[in-house]
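> Give the three-dimensional model of this entry:
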Amino acid sequence: MPLLLAGTLLSIGLLSALRRFPYGHWSGLRTRAILSSPAAWQAAHVAAAPWLLAGGAAGAAVCILASRAPRWLSLLDRHGTAVAMGVEALFVVLATVVAELAAYRVKNG
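Presented below is the predicted three-dimensional model:
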């Protein structure tokens with residue numbers, strides 16, 4: 001599950017960075033300010049792209065580390081999925097805050 005989320009974050013982040021993520025798409029960051037206009041959507045996703053890419057990469061890295069964790073690193077060995085999901089969730093929250101601020105700037109000039 002965390003690898004699926006990591007792939008999703010990487011895909012959305014890459015499409016957003018390339019300005020190819022369609023407005024109103026069924027996925028992406030969705031708040032009232034971000035959905036207020038195509039310009040706000042674009043600005044929000046472009047601003048959030050680095051955070052989404054970082055979250056996807058960090059989540060994938062935690063998954064890989066967890067699968068190869070030595071016995072002394074028991075947190076990753078026992079709870080690798082939870083740690084990966086937590087790391088990814090943190091980056092999604094950060095991306096949403098950055099995106100909301102970008103959308104608000106577009107909306108209010």
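
> Mind jotting down where the helices sit in the chain?
Assigned by DSSP state H, the chain shows helices spanning 2-17, 38-67, 74-107.

> Next, the buried residues of the longest one.
Right, helix 74-107. When burial is assessed from 16 or more other CB atoms under 10 Å, helix 74-107 yields the following buried residues: 76, 80, 83-85, 87-88, 91-92, 94-96, 98-100, 102-104, 106-107. C-beta coordinates here come from the backbone N, C-alpha and C atoms, glycine included.

> Distance check, Arg30 against Val92.
12 Å (CB to CB, to the nearest Å).

> What of Leu5?
9 Å.

> so who does the nearest residue to Gly7 once chain neighbours are set aside touch?
Spatially, and ignoring its direct neighbours in sequence, Gly7 is nearest to Gly56 (6.9 Å; CB to CB, 6 or more residues apart in numbering). Gly56 is in contact with Leu5, Ala6, Gly7, Thr8, Leu9, Leu10, Ser11, Gly13, Glu88, Phe91, counting by CB atoms under 8 Å, 6 or more residues apart in numbering.

> Could you rerun that using 7 Å?
Gly56 sits next to Ala6, Gly7, Leu9, Leu10, Gly13 when contact means CB atoms under 7 Å, 6 or more residues apart in numbering.

> Can you find the helix or strand of this protein with the lowest average pLDDT?
Every helix and strand in the chain was compared by mean pLDDT, DSSP states H and E; the lowest is helix 74-107, with a mean of 89.

> and stretch 14-26, which residues are buried?
For stretch 14-26, by 16+ other CB under 10 Å, it's Leu15, Ser16, Ala17, Phe21.

> still on that earlier bit, could you tell me the model confidence score at the residue nearest to Gly7?
At Gly56, the pLDDT value in this model is 96.

> now it: how far from Gly28?
14 Å.

> What of Leu15?
9 Å.
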